[in-house]
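Asks: structure for this input, please:
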Amino acid sequence: MKHLSLIIFIVFTSIHLYASFHRIRKLRNITKPFILLSLMGYYGFGADQVRPVVLLALLFSWIGDVLLIPEGNKWFTAGGISFMVSHFFFVLSYLKDVDFKAISPFIIGALALFFAVLVNVIFHQLRPYLPKALFYPMYLYLLINGTMNCFAIFRFLSCPDLAGIITVIGAALFFVSDTSLFFVRFKKNGSLKTHFIVMLTYSIGELLIVLGLMMK
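Replies: I've put the predicted structure just below:
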């Protein structure tokens, strides 16, 4: 079942990416829910020790996926809230392997400053295109994603290994995906015209996070 779940994940992700690239909205909507469902199956059947916080992180990511399917800012906000909860559970899943005594306070501060500055730069570019009511909630959301990335890095620094590197790359791709989504959704005259990059980085990012957690 582990391998079957992975095959299903690859098949539906591939079809979804094809539909995203060619802007086939109906096919995108049909395939999107199966991406995280199959990834949950892969983790559930493949992990030596299934951790509820990881399943909850994937569950709320799946809920976020579904809520983002309809058009409208209300659905977009609801999906964002679900993904915020998902990031919270991902942080909890990393905490088990984080040893703050092994991490320099300078590095912790530098990482926090890096993501704060990065988010500020991103939203400086987005400000002219965002509805005023969504600006600060989206700003907060990307900061939370950055926090999730920080804890993935803390986990790697606590015990540098391949699993940690894979999770860090996955978390970074998740950040890229969310940033790309904001530009695709709101900057209509931007260079990103489709959801292809959004979903490519998102799908691979979630898979790598899960792989890194399973390997630990």
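
Asks: any idea how far the residue lying farthest from the centre of the chain lies from residue 158?
Replies: Computed with Cα atoms, centre = their mean, the residue of the chain farthest from its C-alpha average is residue 101, at 27.5 Å. Distance, residue 101 to residue 158, by Cβ to Cβ, to the nearest Å: 9 Å. For the C-beta atoms, the positions are set from N, CA and C on the backbone; glycine is no exception.

Asks: need the longest helix for this protein.
Replies: Longest helix of the chain, by residue count under DSSP state H: helix 132-158.

Asks: buried stuff in that one?
Replies: Of all the residues in helix 132-158, those buried under the rule 16 or more other Cβ atoms under 10 Å are 134, 138-139, 141-158.

Asks: same for that helix, what does it pack against?
Replies: Judged by 3 or more Cβ pairs under 8 Å, 6 or more residues apart in numbering; DSSP states H and E, the packing partners of helix 132-158 are helix 73-95, helix 105-126, helix 162-186.

Asks: what are the contacting residues of stretch 201-216?
Replies: 9, 13, 16-17, 35-36, 39, 42-43, 46-48, 51, 54, 58, 61, 90, 93, 97, 152, 162-174, 176-177, 180 (Cβ atoms under 8 Å, 6 or more residues apart in numbering).

Asks: just the pLDDT for the most centrally placed residue in the chain.
Replies: With distances taken as Cα atoms, centre = their mean, the residue of the chain nearest its centroid is residue 174 (3.4 Å). On the pLDDT scale, residue 174 is placed at 98.

Asks: enumerate every residue touching it.
Replies: Going by Cβ under 8 Å, 6+ apart, residue 174 touches 145, 148, 149, 201, 202, 205, 206, 209.

Asks: next one: residue 131 from residue 88, what distance?
Replies: 25 Å.

Asks: the more surrounded of those two?
Replies: residue 88 (17 against 10; other Cβ atoms under 10 Å).

Asks: how about the nearest residue to the more buried one, chain neighbours excluded?
Replies: Ranked by Cβ to Cβ, 6 or more residues apart in numbering and with sequence neighbours excluded, the top spatial neighbour of residue 88 is residue 144, at 7.6 Å.

Asks: ok, residue 100 next?
Replies: Leaving aside its sequence neighbours, residue 100 sits nearest to residue 154 (Cβ to Cβ, 6+ apart; 7.2 Å).

Asks: just to revisit the earlier point, out of the contacts of stretch 201-216, which end up buried?
Replies: Buried among the contacts of stretch 201-216 (16+ other Cβ under 10 Å): 9, 13, 16-17, 35-36, 39, 42-43, 46-47, 51, 54, 58, 61, 90, 93, 97, 152, 163-164, 166-174, 176-177, 180.

Asks: return the set of buried residues in stretch 71-90.
Replies: So stretch 71-90, judged by 16+ other Cβ under 10 Å, has buried residues 76-90.

Asks: for stretch 24-39, that is, sorry about that
Replies: By neighbour count on 16+ other Cβ under 10 Å, the buried set for stretch 24-39 is 28, 31, 32, 33, 34, 35, 36, 37, 38, 39.

Asks: list the contacts for the last one?
Replies: With contact set as Cβ under 8 Å, 6+ apart, residue 39 has these partners: 5, 9, 58, 206, 207, 210.

Asks: where's the last one relative to residue 40, distance?
Replies: Distance, residue 210 to residue 40, by Cβ to Cβ: 9 Å.

Asks: noted, bye for now.
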